[in-house]
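Undergrad: quick one, fold the following:
(one chain, ligands or ions: 1)
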Amino acid sequence: MAAMDDYVSESDSDYTSYWRDWFISSRGNEYFCEIDEDYLTDRFNLTGLNTEVQYYQYALDLITDVFDLDCDDEMRETIEKSARHLYGLVHARYVVTTRGLAKMLEKYKKCDFGKCPRVMCNSHPLLPMGLSDVPNLKAVKLYCARCEDVYNPKSTRHSSIDGAYFGTSFHNILFQVYPALVPAKSAERYVPRVFGFKVHAAAALVRWQNKERNDMRRRLRKMEVDSGFKDGEDELEDDEEDEEAEEGGGPARLEYRGAPGGFITGPAHDGQMGGVA
Ligand SMILES: [Zn+2]
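TA: Predicted coordinates for the structure are as follows:
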C-alpha cells in the first residue's frame, strides 16, 4: 500500500496537465481517474485506437496539451468530442494497469463512485463497470462487491457515460490484485413480514435457501474451501430459530411448520404484533 501511495503523489506533483485536469474535474466525469502522461505518450498503449477515433492525432495532442491547430469553433468542438472519446478508450486500458488500479482504488475508498443502494449492504462503496468492452453499446453500471450485483448510476450525468470506458474486467481485476478488499459475504437479507408475521411462501423459500446455503458452507468447509462468508456469521441462526420453536420457547409462538397452505408463519423474533391471531 505504501508503494501505491508513492505512485499517486509522484505522478501528481511532477506534471500539470491542463486538458486532463479540466476533464476529470468536470461535472459528470467523477468516475474517471487521471491517466499518466507516460502512459499516453507510449504508442504501444494506444494500439488500434487510431481507427476508433476521428481526428485521432489532434485528439491525442489535445489530451497531452500539445494541440496547436488554428481551426474554427466547429472543428474544435469535433476534436474536443474525439478527445473525450479517446480518453475514455485509453482509460479502459489504463485502469487495469498497476498504476491505474491504484488510482481507482483511492477513488473507491473515497466512495467517488457512490454507495450501494441495497439497505443490507450498509452503504458499501461501488465500482464503475461496463457490460460490454465495445463502445457505444451500454452505459456505465455500478458494481457492489458485497451483494455482487450491478446498479444504474443515480445521476443522469453518469448514466450517459459509455460503459466501455471502464470495461467488463476492471472491477474484477481490482479484487484479484487486492484480495484483502473482497468484502465478507453477508447472509443478511430482507424477510417479508405482514404485521410482524413472516409471509408464509416467502418464509418457506427463505428457510429452504438458508438450509441449502448452510449445507453448501458445511461441504466447502469439509473440503477446506473458503466460502467467502465470515466463519460462524449467522450460519446457524435459522437452525437455532427452528430448535427454539420445537422446544416451545418464547411466548405465543404460532409458527406454521407443516405443509403448504398456511398464509402466515410464526411471529417474528422481534415482532410486537405477537397477539395477532
Ligand atoms: Zn450491494
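
Undergrad: pLDDT on stretch 155-168, on average?
TA: Stretch 155-168 carries an average pLDDT of 96.

Undergrad: over to stretch 188-197?
TA: In this model, stretch 188-197 has a mean pLDDT of 85.

Undergrad: tabulate the CA atom coordinates of it in PDB.
TA: What follows is stretch 188-197, C-alpha atoms only, in PDB (Å, rounded to 0.1, in the frame of the first residue of the first chain):
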ATOM      1  CA  GLU A 188     -28.200 -10.900   6.000                       C
ATOM      2  CA  ARG A 189     -31.400 -10.500   3.900                       C
ATOM      3  CA  TYR A 190     -34.700  -8.900   4.000                       C
ATOM      4  CA  VAL A 191     -37.600 -11.100   5.300                       C
ATOM      5  CA  PRO A 192     -41.100 -10.000   4.100                       C
ATOM      6  CA  ARG A 193     -43.500  -9.700   7.000                       C
ATOM      7  CA  VAL A 194     -47.200  -8.800   7.400                       C
ATOM      8  CA  PHE A 195     -47.900  -7.100  10.700                       C
ATOM      9  CA  GLY A 196     -44.700  -8.800  12.100                       C
ATOM     10  CA  PHE A 197     -45.600 -12.300  10.900                       C
END
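
Undergrad: which residues touch residue 63?
TA: Each residue near residue 63 by Cβ atoms under 8 Å, 6 or more residues apart in numbering is listed here: 19, 20, 40, 83, 86, 87, 90. To be clear about C-beta, it is placed using only N, CA and C from the backbone, and glycine gets the same treatment.

Undergrad: any idea how far it is from residue 93?
TA: Applying Cβ to Cβ, to the nearest Å, the value for residue 63 to residue 93 is 14 Å.

Undergrad: over to residue 185?
TA: For residue 185, the distance to residue 93 equals 31 Å [Cβ to Cβ].

Undergrad: then residue 218?
TA: Counting by Cβ to Cβ, the gap from residue 218 to residue 93 is 43 Å.

Undergrad: between these two, who's got more neighbours?
TA: residue 93 (17 against 12; other Cβ atoms under 10 Å).

Undergrad: spatially nearest residue to that one, not counting backbone neighbours?
TA: Of all residues not flanking residue 93 in the chain, residue 45 sits nearest, at 6.2 Å (Cβ to Cβ, 6 or more residues apart in numbering).

Undergrad: just the helices in the stretch 151-277 of the chain please.
TA: 156-159, 170-177, 200-222, 237-246 (DSSP state H, counting those that start in this stretch).

Undergrad: put together TSV for those, with distance to residue 120 on each row.
TA: What follows is the helices of the stretch 151-277 of the chain, written out as TSV (distance: least, Cβ to Cβ, whole Å):
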stretch	distance to residue 120
helix 156-159	24
helix 170-177	20
helix 200-222	13
helix 237-246	14
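
Undergrad: out of the ones you listed, which is closest to the ion?
TA: helix 170-177 (12.7 Å; Cβ to the ion).

Undergrad: list the buried ones in the closest one?
TA: Across helix 170-177, burial judged by 16 or more other Cβ atoms under 10 Å covers 170, 171, 173, 174.

Undergrad: biggest separation within these, which pair?
TA: Across the buried residues of helix 170-177, the longest distance by Cβ to Cβ is 7.5 Å; it joins 171 and 173.
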